[in-house]
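Asks: below are the sequence and a predicted model; questions follow.
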Amino acid sequence: MPSLIQAIILSIVQGITEWIPVSSSGHLILFQKFLGIQDSQTPYYVFLHLASVFAVIVFFWKDILNIFKNKNLNYLLLIVIAIIPAGIIGLVFMKEIENLFSSSFYLGLFFIFSGVIVYLTKFSIPRKEKISFFDSLLIGIFQVLAVLPGVSRSGMTISSGLFAGLTKKQSIKFSFLMLIPIILGAFLVKADELVLSEISYFLLILSFIITFLVSLVTIKLLIKVIESDNFYLFGVYNIVLGIVVLIWSLIN
């Protein structure tokens, strides 16, 4: 169980890294190692992801309301199509994927891979506002890569949307909305482990509030970054971080 200070740090890290394309799970693993937390904290991390999802719901509540108010079943279908590939892979290979998270070498390698993908968005050209079936499928396939440690989920979904020619606004909105059912599903899978854990309710409530508030600020800042055409710079950060983690894994 993390201490109060460790929980605060991890909550801030989650709130920042869940939405910018730098892999929240990868950063949580790094900070867990640096903070000296030995045991697996997967259920706790899934809980932090849940707090991030609530931030998205609050931030995009008008868009979510419009989807259901206007009975936009086509948009909902596109979201379902996009989340199916990652959902299947995550359930089938859950144990194998969790084992990869224990390796600093793979973490560094996938940080670099994620960074390259995000950096390539520098050359994307927005051509359309409306998402097609094939756009949704492409985004879903890219999201499968995010089950790997160090590969950013938002980085893969936003990048693939930009590669498909979608506008920045549409890419980020679709990316964030499709994460809601994915993270809610992951929370339900790990909820029993969280209940059986020794983490106090006070710590959980505090972690939720911190992650929620930090996520709101981060989402707003990320939208400004994307609109300023500097999104690709997160790719540089990932590549540099990946190289550092690789070197660190080889000398330890």
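Replies: Everything's here; your move.

Asks: show me where this structure has helices.
Replies: The residue ranges that make up the helices of the chain, judged by DSSP state H, are 4-17, 24-34, 42-59, 61-69, 73-92, 94-100, 104-119, 133-144, 153-163, 168-196, 201-227, 233-251.

Asks: return the set of buried residues in stretch 115-134.
Replies: 115, 117-119, 121, 124, 131 (16 or more other Cβ atoms under 10 Å). Just so you know, the C-beta spots here come from the backbone N, C-alpha and C atoms, and that holds for glycine as well.

Asks: could the residues you listed go into TSV alongside pLDDT and distance to I205?
Replies: Output for those, formatted as TSV (pLDDT from 0 to 100; distance: Cβ to Cβ, whole Å):
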residue	pLDDT	distance to I205
G115	96	35
I117	96	36
V118	96	34
Y119	96	38
T121	95	37
S124	92	41
I131	92	37
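
Asks: for F231, give its distance to I89.
Replies: In this view, F231 and I89 are 26 Å apart by Cβ to Cβ, to the nearest Å.

Asks: one more: N230?
Replies: 31 Å.

Asks: with neighbour numbers in mind, choose between the two.
Replies: I89 (17 against 11; other Cβ atoms under 10 Å).

Asks: what's the nearest residue to that one if we skip its chain neighbours?
Replies: Of all residues not flanking I89 in the chain, V144 sits nearest, at 5.2 Å (Cβ to Cβ, 6 or more residues apart in numbering).

Asks: same check on I180?
Replies: Spatial nearest neighbour of I180, excluding adjacent residues (Cβ to Cβ, 6+ apart): V53 at 5.5 Å.

Asks: hmm, L179 and the one you found touching each other?
Replies: Yes. Using Cβ atoms under 8 Å, V53 is in contact with L179, at 6.9 Å.
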